[in-house]
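J.: Quick one, structure for this:
(3 chains)
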Amino acid sequence: MTERILEVEGLSVDIPVPAGMLHPVQDLSFHVDRGETLAIVGESGCGKSLTSLALMDLLPSRATRRASKLALDGQDLTGLSERQMSDLRGNRMSMIFQEPMTSLNPAYTIGDQLIEALRRHRGVTVGEARDRAVWLLEKVGITAARERLRQYPHQLSGGLRQRVMIAMALMCGPDLIIADEPTTALDVTIQAQILHLLADLQREFRTGLILITHDLGVVARVADRVAVMYAGQFVEEGTALQIFQAPTHPYTQGLLNCIPVPGKTARGAHLGTIPGIVPSLVGRMPGCHFAERCRYVTDACRADAIALRDATEPGHRYRCVLSPEETAAHNQMETAQ
Amino acid sequence: MSGEAVIEVRDVTRTFMISSGFMKPKRPLHAVNGVNLRVERGEVMALVGESGCGKTTLARMMMGLLPPSQGTIELGGKPISTLDRMTVARTVQPIFQDPYSSLNPRKTIGSIITLPLRVQGDRDPATWEKRVHEIMELVGLPRRVFNNYPNQLSGGQRQRVAIARALINRPRMVICDEPTSALDVSVQSQILNLLQDLRAELGLTYLLISHNLAVVEHIATRVAVMYLGRIVEQTDTASLFESPRHPYSKALLSSVLTPDPTLGVPDTHLGASFPNPLEMPSGCTFHPRCPKAMPHCSQVAPRPIPAPGGHVECHLYDEGAPTYAQS
Amino acid sequence: MAVNDISPGAPDMEPSPRALLRRRVFHHAGLVIGASVLITIVLMALLAPYIAPHDPLDQVLDRRLIPPIWFDSDKATWTFPLGTDHFGRDYLSRLIWGARISLMIGVSAMLISGVIGTTIGVLAGYFGGRVDMVANFIITTRLSMPVVLVALAVVSMVGSSLTVVIWVLGLLIWDRFAVVMRSATMQVRNLDFVASAQALGCSTARIVLSEILPNVANHLIVVATIEMAHAILLEAALSFLGLGVQPPEPSWGLMISEAKGLMFFDAWLIAIPGTALFLLVLSINLLGDGLRDVTAPDGRN
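T.: Numbers count the residues shown, from 1 in each chain, chains lettered A, B, ... in the order given. Modelled structure (predicted):
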């Protein structure tokens, strides 16, 4: 009974810059099912935030978006006018940003903002909207919700503001939520609570969730499926189990070796590193984008564009010339060191 | 505790007067409230806690940038208030979280790294070049960035510049305030490796301020857990991670998200509300969020109880509680 | 300890900040236009003794009110391209010499007010607390005084001369410097590089001069251009009211003032110095806006 809520094929973003044409997002294809969490994970500058803005059609005006297919619950989004898109945003697809202070309007009470979010898209009375706002605020764990409606964003702590953001994203009962680093600005204790809440609500409302983050711990605990993004491309995608237990792309392996894991990494031992820096995405780059930083690079890597290929398990795909067995053997050597 | 103390914090309190509105009297905010901390030579002492718990204020006092309201801080056995600026600067140096704001954007890398030499009025400028090249090599910076500006460098390179600047005068102690949390995962591991290597090579002592407990577990030797201006538990890293005592330490540890897809998101049972530091809860300041709070927790502040490797401030471990307060 | 996050040759490929700045400067139309007009006026002022065709003070009554050469008149002559005024003085020469006075007043008043305002603003922003309170009081006091009225009163009491006008204006228009520098300093002051300079043992003077000032300099330049234009206009106004530069010195404000009686008969007498004043102020403002645009701190990449 899976139901495709979002289908994306061949999504690309181009931005003209003084040095040429920047290709921060290159030919992404993915889908999100109802009630499913897809995590897009990558380091800064890999294009993950622009991907989310491209889905919401909120790119900067000089950027152009191309996609052969972009459908929300079967409805094609590519040909929609700005007006039609803005009817969808906050209604059927909504977004949660990293810094709740800058995404809530400081001049209005949170009640005004929550109610406005619903009244703008649905013809409901103020009373009905307020009831739903109170119900949702209670859902996101805010006590004395009716009184909170009269407060301004600056009167709330960071954790509470992020809860309000989540409530606001849920006001219209969206099909899809895009959360861009929703917990990065929060303390670890609050982070756990917010993620818990997000997961619970998403299960309850059967919303699709795209979680954009750099934090592998968050990804592992929350995501059903994971796409690892590097330099504008997905380099590996699969279920969370596949990605974390059998990472196949050298970049994914490298990332996982970089982070200390209590109980696993020997205390004080050297952590893994990925040498080099992210390549410039101006102009077209032949071959593998990770070639400059990869330990196992060969001439074959630089010759042609590398396509995503199937790993050993179904649904697990990666973008590398090496076979899954070869990269797994490399990784074993690496972690043994 | 046998080693030589590099820095010792004794009963330090720092109070800020916060104006609570027009024409209203100012109210005291106890950012740091009666803290004792002893960092011994060669240790990596980690200070963990949520934002607003006072860890940054404590660190600023330990660098001599902020005088304590009460209590003393001793640097190598001498009170920091009696030492001159230059001596403190030669002994303790900071590394900040954000490598973008910690380097002056209008100065070249060379000028940033040599600033400590110029400030200290180093007698022998002829050796400067050699020392700068030495330190740049040590932190892994290529010589060619010497004349570059910070905005031409990547985040990791900038953090290396900040480390070079902190270390060129060979301080005994480095205070690292979230040294890697603004960096990407792959760069974070490089900087952590570098900090580890430098410690071994130069015999440094670190005070590591971090909210990333995985990082703390990896490089710290001792950990102090701070909550609302007090150190509620202090012990060696192994004990803390294997058997945390204070309920707050337990909550912190349980909120660490290890990359294990077989586990879900933990529930910390902490409640959302971080208390307002202007209105400190009575008794044990943690009691409103504590899952194990007892009736007397809201009335009597707990006293430090010796525990293996350090101390813990919690009535659960105090056999005398709550009677000692009445006696 | 490998050199890890550094790709070979990356910084070599990047243009130097100076080259980048040069590129931005030459691609900014407003900045280029403003700068060229201003440079022309400055050169004109500096070279006045060499390029002015006549003595600006030389009155010859039988050549009064010769119109500029674009007028279809028998009297118009290339000897006096912009004509002569009602005392028979060559208007072009007066305009050229007048540029000297306008610029001198603009630059000097800007420098005086800049030093006062920057000092007050930076100290207030850096130390905060009581210093800030005192500075705010001084700034508020200054803001509650109407500039033109106070200037008029002082000049009429002390008597007017170029020096008096410069000092009066300089002591009156520092408020914008103080306000802008105060808030800019407050922002920079909280950045970590200031804390790290403190931790290195730098003296306060060193921190203010070498860590703070270079990072607020772009705001300073913008305010300086605005205030320079401001001072030039105020001088023109004072001269127009007869309390600025005294005749027979050629100042643009004074030229407008002297021509006001003939405004309806020989409008060019007012139009020419008026246009000059307009061009000068416009070019200074264009330059200031342009400098603000090109010196804005680089993004994080």
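J.: any idea what sits nearest residue 88, other than its immediate chain neighbours?
T.: No chain specified, so I'll use chain A. Nearest-residue entry for A:Leu88: A:Leu72, 7.0 Å, with adjacent residues in sequence omitted and distances by CB to CB, 6 or more residues apart in numbering or on different chains. Where C-beta positions appear, they are placed from N, C-alpha and C, glycine not excepted.
J.: looking at chain C here, not the other one
T.: Per CB to CB, 6+ apart, closest to C:Gly88 is C:Val60, 4.1 Å.
J.: Check A:Leu256 too.
T.: Using CB to CB, 6+ apart, the nearest residue to A:Leu256 is A:Pro247, at 5.6 Å.
J.: could you check the distance from the residue nearest to A:Leu88 over to A:Met171?
T.: According to CB to CB, to the nearest Å, A:Leu72 and A:Met171 sit 18 Å apart.
J.: any idea where the strands of the stretch 51-200 of chain B begin and end?
T.: B:70-75, B:78-79, B:92-95, B:173-177 (DSSP state E, counting those that start in this stretch).
J.: Turn those into TSV, columns for distance to chain C.
T.: Listed next are the strands of the stretch 51-200 of chain B as TSV, based on distance: least, CB to the nearest CB, whole Å:
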stretch	distance to chain C
strand B:70-75	13
strand B:78-79	16
strand B:92-95	5
strand B:173-177	8
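J.: Need these in TSV (columns: mean pLDDT and mean neighbour count).
T.: Shown next, in TSV, are the strands of the stretch 51-200 of chain B (pLDDT from 0 to 100; neighbours: other CB atoms under 10 Å in any protein chain shown):
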stretch	mean pLDDT	mean neighbour count
strand B:70-75	91	18
strand B:78-79	90	12
strand B:92-95	92	27
strand B:173-177	92	24
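J.: Which of those sits closest to B:Asn33?
T.: B:Asn33 sits nearest to strand B:70-75 of all those, at 9.7 Å, using CB to CB.
J.: Direction included, what does the closest one pair against?
T.: strand B:5-18 (antiparallel), strand B:78-79 (antiparallel) (DSSP bridges).
J.: Please work out which of the ones you listed is packed deepest.
T.: Most buried of those by mean neighbour count (mean count of other CB atoms under 10 Å in any protein chain shown) is strand B:5-18; its value is a mean of 18.
J.: what's the longest helix anywhere in chain A packed up against?
T.: Counting by DSSP state H, the longest helix found in chain A is helix A:188-205. Using 3 or more CB pairs under 8 Å, 6 or more residues apart in numbering or on different chains; DSSP states H and E, the elements in contact with helix A:188-205 are helix A:158-170, helix A:216-222, helix B:247-254.
J.: Take these and lay them out in CSV including distance to chain C, mean pLDDT and mean neighbour count.
T.: Shown next, in CSV, are those (distance: least, CB to the nearest CB, whole Å; pLDDT from 0 to 100; neighbours: other CB atoms under 10 Å in any protein chain shown):
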stretch, distance to chain C, mean pLDDT, mean neighbour count
helix A:158-170, 19, 83, 25
helix A:216-222, 19, 90, 24
helix B:247-254, 26, 89, 22
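J.: So for B:Leu141, which of the ones you listed sits nearest?
T.: helix A:216-222 (27.7 Å).
J.: Could you list the alpha-carbon positions for that closest one in CSV?
T.: What follows is helix A:216-222, C-alpha atoms only, in CSV (Å, rounded to 0.1, in the frame of the first residue of the first chain):
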residue,chain,number,x,y,z
LEU,A,216,24.9,11.1,9.9
GLY,A,217,23.6,10.2,13.4
VAL,A,218,20.3,12.0,12.7
VAL,A,219,20.1,10.2,9.3
ALA,A,220,20.7,6.8,10.8
ARG,A,221,18.1,7.1,13.5
VAL,A,222,15.3,8.8,11.4
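J.: Beyond that helix, next helix or strand please.
T.: Heading C-terminal from helix A:216-222, the first helix or strand you meet, by DSSP states H and E, is strand A:225-230.
J.: does that next one come close to chain C?
T.: No: shown here: strand A:225-230 not in contact with chain C (CB under 8 Å from any CB of the partner chain), separated by at least 15.1 Å.
J.: next SSE after that strand?
T.: According to DSSP H and E, the helix or strand after strand A:225-230 is strand A:233-239.
J.: For the closest residue to A:Glu292 other than its chain neighbours, pull up the helix or strand it's in.
T.: Nearest in space to A:Glu292, with sequence neighbours left out and distances taken as CB to CB, 6+ apart, is A:Gly276 at 5.3 Å. Assigned by DSSP H and E, A:Gly276 falls within no helix or strand.
J.: try C:Met157
T.: Under the assignment here (DSSP H and E), C:Met157 is part of helix C:147-158.
J.: Pull the residues that contact that helix.
T.: C:164-165, C:168-169, C:172-173, C:234, C:237-238, C:241, C:243-244 (CB atoms under 8 Å, 6 or more residues apart in numbering or on different chains).
J.: Low-confidence regions, chain B specifically.
T.: For chain B, applying pLDDT under 70 flags the ranges B:1-2, B:20-23, B:122-123, B:271-274, B:321-327.
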